[in-house]
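A.B. asks: Sequence and predicted structure are below.
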Amino acid sequence: MAKIHLLNEYNMPIYDNSLSYWSMQFISILECLAYHKNLQFRAVGGSHSISSLAAMKSQYPNSFFDLMANSIQNWGMQYFMVHFLNHRMGLKIVDGIKENLDGLFNIPHYQNYNDFRFYISGLDSELSSKISRRYDEIYPRYTELDFLEKDYLVKNSDFCLILKDTDEDKNIAIFGEIEGNHGDKLFQDSFWNHKPNLCVLGIGAVDGYKKGVFYIEEFFYEGKYPKLNVLFEKNSFVVRDFYFVINEFRIIFNYGKSHISYHENSNYSYIVNEIIIKNWNNPIGVLLNILYQLKDTCDDELIGEIDNQDIKLIPSMDN
């Protein structure tokens with residue numbers, strides 16, 4: 001953190017303790033457990049299917065979640081950020097990103113793109129399989145990409161922002177990376193050395209002391225390739241709550257079905273006690289479907305959104 005100077009700060013969105021907000025937090029961990037291919041202990045994988053939280057606890061080592069908690073802090077954040085930035089709470093951050101697009105990436109008439117949606121991308125997630133169908137062009141347009149170059153970009157990025165011009169029925173894609181543990185890496189050439197040049201957005205968690213702000217900063221890889229980085233301090237509610245939910249899962253896997261949450265927020269406790277624990281033996285897909293419905297409870301909760309109907313549950317989770 002000492003090596004980077006964060007100058008362009010914005011006030012954080014108003015904190016929302018709603019069921020919709022907390023659902024996003026728990027969804028992100030469950031999606032990571034179910035869909036992220038690189039996890040050491042997945043909810044589904046290997047020679048046999050492990051489709052419930054109960055099955056994970058019984059078939060994996062006692063400390064299995066502890067062993068991968070740090071990885072979930074990093075990889076799980078891409079799942080949370082996609083939901084958060086598609087939610088009305090994230091609209092202020094998205095507006096800040098859009099305001100910087102034309103100057104950095106020469107996106108003409110970016111104001112005409114009146115709708116947006118964030119999606120998971122990357123070879124390491126099962127949720128990225130349909131991403132290439134969702135856009136007409138990729139920006140920035142430094143060069144024309146052939147099929148293999150586009151495929152490499154999709155497979156080697158964490159998320160994709162789709163901007164939509166609904167009048168012209170045109171969608172453009174901008175790809176990015178997420179660093180959930182060490183956001184300061186987004187300002188280092190070494191981080192971007194093995195990333196596609198057209199992976200241009202960065203989202204990260206950084207150490208800091210101003211709980212009420214986030215930052216949007218430019219970085220020029222090799223002094224010439226622009227990147228736009230969005231940084232959240234780790235003590236901001238966005239990152240703090242995400243880390244807290246990871247720790248909740250640590251406790252859940254330690255105590256199992258006997259765990260009871262006494263969290264001060266009733267919505268949080270409701271999700272733990274009435275959804276997670278009561279569905280302890282059910283397929284994780286069941287938990288996700290319940291939480292998706294809670295996340296979408298209010299009509300004004302979503303600006304852009306994930307097409308849940310397009311997220312195909314892994315077959316073993318459908319039984």
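C.D. replies: That came in fine, so what should we check first?
A.B. asks: okay, Asn197: pLDDT?
C.D. replies: With respect to pLDDT, Asn197 scores 89.
A.B. asks: Can you give me the neighbour number for it?
C.D. replies: Residues near Asn197, counting by other CB atoms under 10 Å, number 16. For the C-beta atoms, the positions are set from N, CA and C on the backbone; glycine is no exception.
A.B. asks: For it, give me its contacts.
C.D. replies: Tyr142, Tyr221, Tyr225 (CB atoms under 8 Å, 6 or more residues apart in numbering).
A.B. asks: what's the closest of the residues you listed to Gly76?
C.D. replies: Gly76 has its nearest neighbour among those in Tyr221, at 25.7 Å by CB to CB.
A.B. asks: for that closest one, what are its contacts?
C.D. replies: Contact analysis of Tyr221 by CB under 8 Å, 6+ apart lists Asp189, Trp192, Asn197, Lys227.
A.B. asks: What about these, which are in helices?
C.D. replies: Asp189, Trp192 (DSSP state H).
A.B. asks: where's the spatially closest residue to Lys227 that is not a sequence neighbour, which helix or strand?
C.D. replies: Counting by CB to CB, 6 or more residues apart in numbering, Phe219 is the residue found nearest to Lys227 once chain neighbours are left out, at 4.5 Å. Taking DSSP states H and E as the definition, Phe219 sits inside strand 213-221.
A.B. asks: what about that strand, average pLDDT?
C.D. replies: Mean pLDDT, strand 213-221: 92.
A.B. asks: same check, this time on stretch 33-47
C.D. replies: For stretch 33-47, the mean pLDDT works out to 82.
A.B. asks: buried set for that stretch?
C.D. replies: Going by neighbour count (16 or more other CB atoms under 10 Å), the buried part of stretch 33-47 is Leu33, Ala34, Tyr35, His36, Leu39, Phe41, Arg42, Ala43, Val44, Gly45.
A.B. asks: Tell me how far that stretch lies from the chain's centre.
C.D. replies: In terms of CA atoms, centre = their mean, to the nearest Å, the centre of stretch 33-47 is found 17 Å from the chain centre.
A.B. asks: Kindly report the same for stretch 59-70.
C.D. replies: With CA atoms, centre = their mean, you get 21 Å for stretch 59-70.
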